[in-house]
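[1] here is a sequence together with a model predicted from it:
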Amino acid sequence: MQAYPGLYPVAPPQSAGPEPLMTSALAPPQVLTHAGFDALLAELKRSGHRLLGPIVRDDVVVYDDIESTADLPRGWTDVQDGGHYRLQRRGDDALFGYAVSAQSWKPFLHPPGQRLWSARMRGDAVQIQPEPPPSERMAFVGARACELHAIALMDRALLGTGPGDPYYRARRAQVFIIAVNCSVAGGTCFCDSMHAGPQVTAGFDLALTELSDQSPPVFLVHSGTTAGSAVLAAVPSAPANAAQIAAEQTILAHTRASMGRKISSTNLHDLLLGNLQHPSWTEVGERCLACGNCTMVCPTCMCTSVADVSDLSGERISRSRRWDSCYTSEFSYLHGGSVRHSTAARYRQWLTHKLATWHDQYGSSGCVGCGRCITWCPVGIDLTEQVRAIAAPPAG
Ligand code: SF4
Ligand code: SF4
């Protein structure tokens, strides 16, 4: 990312990134009751965090503001498939008994619209007012393993090794993360294939496993940072016993075994880049509507474009960036035309970037296997099927 010296009011601090990620727990796991979990959320609120977590809205689990566990999707699970999403009752009181929400945490760290600066005419002079980075403290409640991997990928792209994006940096530096190990896999999940789940291993302050079949239901809690340990110490909890620790591994094994999708991630880079003229790109391009849904819901798609808006008098103007999608012809418009003329070329660009050239850019895959692009594609285009079509020996 190019830096624009002087545009931002305060030079973004070089060391204000998030607390270094932990790869192992700081202390033996504790057990929290639902009441203890509520106390923990209240403690975070008391310390000035905006609480964000899963809620049911319009028959979908989405992330939004919450006040307490009363707002969580108690007793709901989701059924997901290509172009298909339904909520249904589980028959218990699980608070995190669904697979993955419709949107990820991306809108809170990298919002769909971000004003960069505004300007107004004062006589013959132009006064430019840069937009200051936000200072809000947020707590993400219920982040999944794949989502933490996605945040780590956004960190690499938007923070990098230099000043990076000051707006992302400001939001990211203030986030407290309560992660949850997945107890169910969705019909479109393949995080296990991408080595991005279902177990939370890094990037959290606290990590929970919901033991919903215990009476009363409890959470096993791991601390991942000193901040997490401090919040946990402020609420009533008890040491986990051996049966509860074993139950966590049983739950994770069940989740791994029930992934709705699989993908062979071995040498995808060479497979895709060695088959750029494969006929399946044309076939998928004929089905694709170029709507961009897949890029909007993907937790690692972060491309933006910039637009200027002025008032009718022309005295005030502002510049904002907004999410964009490589599926639009305008996205690759270069001095006189789009360099990707067909929908097939745009789909191929998206998939080969995600699964192949991301490795060249960042040293890892750009896909964490959350399955959202499959669920929310209106025609059910499935990247795992596309990879299989390319890997299959030619017919005849
Ligand atoms: S490409 Fe699809 S499955 Fe992979 S991270 Fe993005 S939305 Fe999730
Ligand atoms: S793959 Fe599906 S979601 Fe993505 S642009 Fe095409 S039709 Fe839309």
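    Everything's here; your move. Ligands and ions are numbered 1, 2, ... in the order given.

[2] list the contacts of the nearest residue to residue 292 once chain neighbours are set aside.
    Using Cβ to Cβ, 6 or more residues apart in numbering and skipping residues adjacent in sequence, the residue nearest residue 292 is residue 325, 3.4 Å away. C-beta here means a position set from N, CA and C on the backbone, and glycine is covered the same way. Counting by Cβ atoms under 8 Å, 6 or more residues apart in numbering, residue 325 touches 292, 295, 296, 301, 303, 331.

[3] tell me where the stretch 251-396 of the chain has strands.
    Taking DSSP state E, counting those that start in this stretch, the strands of the stretch 251-396 of the chain run over residues 304-310, 316-323, 333-334, 337-338.

[4] out of those, which is closest to ligand 1?
    Ligand 1 sits nearest to strand 316-323 of all the strands of the stretch 251-396 of the chain, at 13.8 Å, using Cβ to the nearest ligand atom.

[5] what's in contact with the closest one?
    Around strand 316-323, the neighbours that count as contacts under Cβ under 8 Å, 6+ apart are 112-121, 295-296, 303-311.

[6] filter these to the buried ones?
    The neighbour-count test (16 or more other Cβ atoms under 10 Å) marks 114, 115, 116, 117, 118, 119, 295, 296 as buried among these.

[7] and the furthest pair within those?
    The distance between the two most remote of the buried ones among the contacts of strand 316-323 (Cβ to Cβ) is 30.4 Å, for 119 and 295.

[8] how far does stretch 308-327 stretch from start to finish?
    22 Å (Cα to Cα, to the nearest Å).

[9] and it, average pLDDT?
    For stretch 308-327, mean pLDDT is 95.

[10] and it, which residues are buried?
    In terms of neighbour count (16+ other Cβ under 10 Å), stretch 308-327 has its buried residues at 317, 318, 319, 320, 321, 323, 324, 325, 326, 327.

[11] residue contacts, the closest residue to ligand 1 within the stretch 151-300 of the chain?
    Shortest the stretch 151-300 of the chain-to-ligand 1 distance, computed as Cβ to the nearest ligand atom: residue-wise this is residue 298, at 3.3 Å. Listed by Cβ under 8 Å, 6+ apart, the contact partners of residue 298 are 104, 354, 370, 372, 373.

[12] which of the residues you listed has the most neighbours?
    Using other Cβ atoms under 10 Å as the neighbour criterion, residue 370 leads the contacts of residue 298 with 30 neighbours.

[13] which positions in the stretch 251-396 of the chain make contact with ligand 1?
    Counting by Cβ under 6 Å from any ligand atom, the residues of the stretch 251-396 of the chain close to ligand 1 are 297-300, 354, 367-373, 383.

[14] sorry, wrong one. I was asking about the stretch 51-200 of the chain.
    Residues of the stretch 51-200 of the chain lying near ligand 1 (Cβ under 6 Å from any ligand atom): none found.

[15] all strands for the stretch 51-200 of the chain, in order.
    Counting by DSSP E, counting those that start in this stretch, one finds strands in the stretch 51-200 of the chain at the ranges 60-65, 76-81, 84-89, 113-122, 125-130, 137-143, 175-180.

[16] in TSV: the ones you listed, plus mean pLDDT.
    Output for these, formatted as TSV (pLDDT from 0 to 100):
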stretch	mean pLDDT
strand 60-65	98
strand 76-81	98
strand 84-89	98
strand 113-122	96
strand 125-130	95
strand 137-143	98
strand 175-180	98
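
[17] compare those and give me the one nearest residue 44.
    Smallest distance to residue 44 across the strands of the stretch 51-200 of the chain (Cβ to Cβ): 4.6 Å, for strand 137-143.

[18] pairing partners for the closest one, with directions?
    In the sheet, strand 137-143 lines up against strand 49-57 (parallel), strand 175-180 (parallel) (DSSP bridges).
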